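>>> Model the structure of this input:
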Amino acid sequence: LPHGIGGPFFWGYVGFSGGMHLFTEYLEIRQLRKNREVEMPSEVKALGVEPKTFLESQQYQKDKRCFGMLCSWVNFAFSNLSMVLVTPALWKIATKTCGEENECRSTLLWMVLSGWVDKP
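Next comes the predicted model:
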């Protein structure tokens, strides 16, 4: 990996965050299957919801869920790439600008640069 990244804590974080993301996406897929159902459950019928309203709601929820899953994968990829490539590069820029011996200033500059990079 670039910039000497690695170690047990790094790989532990990567494994844990990847596992959590996959589990979350699994739950989203399960819910997406429910959103694709066109038969109204008896619990919803008991509330007096019209079939047309139910189908419109199901379609909206399906579209919303698919878009949310796509956004989730993009955010996951961006955060991992940022962690591996951008954050260490910003630290190198900060230490070159402020000097390696001046850790407080380097840290403050790194935090400011990181804040600018994280903005969408």
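
>>> And the helices in the protein?
With DSSP state H as the criterion, the chain has helices at 8-35, 42-46, 51-81, 87-98, 103-118.

>>> Mind pulling the model confidence for residue 82?
Listed pLDDT for residue 82 reads 89.

>>> Now for the residue nearest to it when sequence neighbours are not counted, how many residues are close by?
Ranked by Cβ to Cβ, 6 or more residues apart in numbering and with sequence neighbours excluded, the top spatial neighbour of residue 82 is residue 117, at 7.1 Å. No exception for glycine: its C-beta is placed from N, CA and C like everyone else's. Residues contacting residue 117 under the criterion other Cβ atoms under 10 Å number 11.

>>> Neighbours of residue 15, how many?
10.

>>> what's the neighbour count on residue 58?
16.

>>> Just the pLDDT at it, thanks.
So residue 58 comes in at 94 (pLDDT).

>>> residues touching the residue lying closest to it once chain neighbours are set aside, list them.
In this structure, residue 58 finds its nearest non-sequential neighbour in residue 35, 5.5 Å apart by Cβ to Cβ, 6+ apart. Neighbour list for residue 35: 58, 61, 62, 65 [criterion: Cβ atoms under 8 Å, 6 or more residues apart in numbering].
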